[in-house]
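Asker: Structure, please.
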Amino acid sequence: MDHFLQQFPIHTFINVAWGEMDALQHVNNVAYFRYFETARIDFFNQFNLLEELQTSAIGPVISENNARYKRPVTFPDTLIVGVSISEIKEDRFLLHYTVFSQAQQAVTTLGSSQVVMFNFKTGKKSPLSTDLINLLKQYCENE
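Answerer: I've put the predicted structure just below:
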């Protein structure tokens, strides 16, 4: 687990809830998108992206989500969702999620979200700021 935390300096701990399991006795696939959302909001809050939205009306929106399930997760467990970045473009970047199960001591799920900066006043995409690009590059995966 220590290696995982070193590999993903941006991470979020999530306790699996009993109610997230389905009739097949494992966490339902839809719960992972909530886990991704929790990790994404933690990431945005660490770097004041949502605060900036209040002042500039420019903020992140999700244009695509993906998940790949490698191992089932069951209650009780605590998951660690590591976040990394790739594919930084003029108006978007790709956010990656790696889910590590403390009970299994293994990666259980991989995911990604395409994050697009959006101007809520104009209703159009907005370029990433230079400050944001520099910040994202600090957490960019080796491609």
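
Asker: Now Gln104. Nearest residue, chain neighbours left out?
Answerer: Setting aside the residues directly before and after it, Gln104 is nearest to Arg71 in space (Cβ to Cβ, 6 or more residues apart in numbering), at 6.4 Å. Yep, even glycine has a C-beta here, placed from its N, CA and C like the rest.

Asker: So, low pLDDT: which residues of this structure?
Answerer: 142-143 (pLDDT under 70).

Asker: most centrally placed residue in it?
Answerer: Geometric centre of the chain, nearest residue: Arg40, 3.8 Å, by Cα atoms, centre = their mean.

Asker: and that residue, which of the three is it?
Answerer: helix (DSSP: H, G, I helix; E, B strand; the rest coil).

Asker: how about the helices in the protein?
Answerer: Counting by DSSP state H, the segments of the chain that form helices are 2-7, 29-46, 49-56, 130-138.

Asker: Pick the most buried one from these.
Answerer: Mean neighbour count (mean count of other Cβ atoms under 10 Å) peaks for helix 29-46 among these, with a mean of 17.

Asker: orientation of that one relative to helix 49-56 in degrees?
Answerer: 60 degrees (axes from the mean of the first three to the mean of the last three Cα atoms, to 10 degrees).

Asker: Off-centre distance for helix 29-46?
Answerer: Centre-to-centre, helix 29-46 and its host chain are 5 Å apart (Cα atoms, centre = their mean, to the nearest Å).

Asker: Likewise for stretch 105-122?
Answerer: Relative to its chain's centre, stretch 105-122 lies at 5 Å (Cα atoms, centre = their mean).

Asker: Stretch 42-60 too?
Answerer: Remark: stretch 42-60 is offset 15 Å from the chain centroid, using Cα atoms, centre = their mean.

Asker: Next: stretch 71-84.
Answerer: For stretch 71-84, the distance to the chain centre is 13 Å (Cα atoms, centre = their mean).

Asker: Please apply the same query to stretch 107-126.
Answerer: Using Cα atoms, centre = their mean, the offset of stretch 107-126 from its chain centre is 11 Å.

Asker: What's the local residue count around Ile62?
Answerer: 15 (other Cβ atoms under 10 Å).
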